[in-house]
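Chemist: This is the structure alone, sequence omitted:
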């Protein structure tokens with residue numbers, strides 16, 4: 001008996017055709033985007049995604065600023081038309097620079113907190129509601145007193161010393177204070193973060209300490225009004241060896257500051273992440289030490305060593321040196337370890353720990369790549385708002401205090 005089907009390979013099923021996909025429509029350009037600014041394109045090997053993401057955020061911020069400026073000009077024109085006695089101006093006044101506009105936003109809450117501190121009121125913390133206004137603080141006239149010199153130091157690296165120095169100085173400058181940043185870290189991150197180009201770093205901290213040039217010849221203005229910087233280069237790493245054979249090696253920075261005219265209210269020294277002669281020079285020249293502390297075990301372990309170093313410097317080289325405060329940085333309230341470290345630090349140092357804790361924030365990490373402080377890059381982010389509150393606490397603690405005279409340095 002034979003089979004009905006002849007032998008051979010099984011029949012091949014007919015091919016199924018996939019439905020045609022609709023063509024991808026190009027993303028239209030936002031209507032409020034400034035003219036001439038290219039929309040971010042897809043990443044390529046020579047344009048990594050992180051770079052494009054940072055550029056996209058910067059362009060979005062510029063677009064928002066442009067829309068706000070256009071709305072402000074439109075509102076001003078409407079008010080001018082409504083006011084009959086006042087003639088319409090022939091030409092609109094030029095808009096102030098974006099930096100000054102941003103500083104006005106920064107200055108409002110910090111100046112309000114400083115006024116509350118002067119009246120004896122409590123300074124708000126990060127848990128309080130933000131009450132920023134639209135008007136900025138007026139520049140505060142110098143009284144001729146010696147500036148307060150604050151060394152921002154911690155021998156543990158990566159705890160936020162440079163970020164604290166740059167953004168705290170920006171917030172103080174927004175309140176009308178004249179601020180000088182001394183970049184004493186051979187890595188030069190504070191110099192880079194403020195947009196100082198390499199050709200502008202021919203004179204800096206190395207020449208001040210080793211070659212003995214004047215402070216005025218070494219300082220450079222920044223894009224932030226009321227703020228200057230003493231830049232540095234990797235050559236400063238060689239100063240560690242050269243300082244050993246120099247006279248008064250621990251007093252080189254203090255002697256240089258004493259010889260110059262310090263027409264500032266605050267001098268912030270960004271120290272290297274080690275206890276070397278550079279850090280020692282900063283502590284000898286400073287009135288106090290501000291300690292940024294990351295809320296992790298390793299950073300907490302090194303704090304006791306830093307405290308002992310400060311006590312030794314106070315006993316032998318600088319009798320007025322003290323810990324001005326401890327700032328908790330990279331704080332994440334979701335982490336039980338961060339909460340435990342913060343609790344232990346507050347139990348040990350008491351009121352010297354600032355109420356404001358600097359949270360982890362990606363905008364703080366993006367800002368240095370654009371050469372501007374985070375407070376100018378995004379004043380509304382959590383990190384910027386925290387540094388504004390920190391500045392208000394610093395102004396409260398420093399109210400009525402002036403720096404010691406450096407002319408009688410031993």
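Modeler: That came through fine. Being a predicted model, the structure only gives us computed values, none of them experimental.

Chemist: which residues in the stretch 301-410 of the chain form helices?
Modeler: 336-349, 362-366, 374-377, 382-397 (DSSP state H, counting those that start in this stretch).

Chemist: now these as a markdown table including mean neighbour count?
Modeler: Quick note: C-beta positions are derived from backbone N, CA and C, even for glycine. Shown next, in a markdown table, are the helices of the stretch 301-410 of the chain (neighbours: other Cβ atoms under 10 Å):
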| stretch | mean neighbour count |
| --- | --- |
| helix 336-349 | 15 |
| helix 362-366 | 18 |
| helix 374-377 | 26 |
| helix 382-397 | 24 |
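
Chemist: May I see those arranged in a markdown table, with distance to residue 171 as well?
Modeler: Converted to a markdown table, the helices of the stretch 301-410 of the chain look like this (distance: least, Cβ to Cβ, whole Å):
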| stretch | distance to residue 171 |
| --- | --- |
| helix 336-349 | 22 |
| helix 362-366 | 13 |
| helix 374-377 | 6 |
| helix 382-397 | 3 |
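
Chemist: Which pLDDT value belongs to the closest residue to residue 378 other than its chain neighbours?
Modeler: Excluding its sequence neighbours, the residue lying closest to residue 378 (Cβ to Cβ, 6 or more residues apart in numbering) is residue 363, at 4.6 Å. As predicted, residue 363 sits at a pLDDT of 92.

Chemist: Quick check, residue 363 in contact with residue 375.
Modeler: No - if you go by Cβ atoms under 8 Å, residue 363 and residue 375 don't touch, sitting 10.1 Å apart.

Chemist: if I look at those two, which residues touch both of them?
Modeler: Applying Cβ atoms under 8 Å, 6 or more residues apart in numbering, one finds that residue 363 and residue 375 are jointly contacted by residue 384.

Chemist: and residue 165, which of the helices of the stretch 301-410 of the chain is closest to it?
Modeler: helix 382-397 (10.6 Å; Cβ to Cβ).

Chemist: can you tell me the average pLDDT over the closest one?
Modeler: Mean pLDDT, helix 382-397: 94.

Chemist: And stretch 228-241, by the same measure?
Modeler: 89.

Chemist: part of a helix, is residue 224?
Modeler: No - with DSSP: H, G, I helix; E, B strand; the rest coil as the criterion, residue 224 is located in coil rather than a helix.

Chemist: Am I right that it is in contact with residue 170?
Modeler: Yes - Residue 224 is within contact range of residue 170, at 5.4 Å (criterion: Cβ under 8 Å).

Chemist: so where is this structure shaky, pLDDT-wise?
Modeler: Applying pLDDT under 70 to the chain flags residues 1-67, 82-144, 407-410.

Chemist: circling back to that earlier point, counting neighbours, go ahead and name the busier of residue 224 and residue 170.
Modeler: Neighbour count, other Cβ atoms under 10 Å: between residue 224 and residue 170, residue 170 has more, with 31 against 26.

Chemist: Good, wrapping up.
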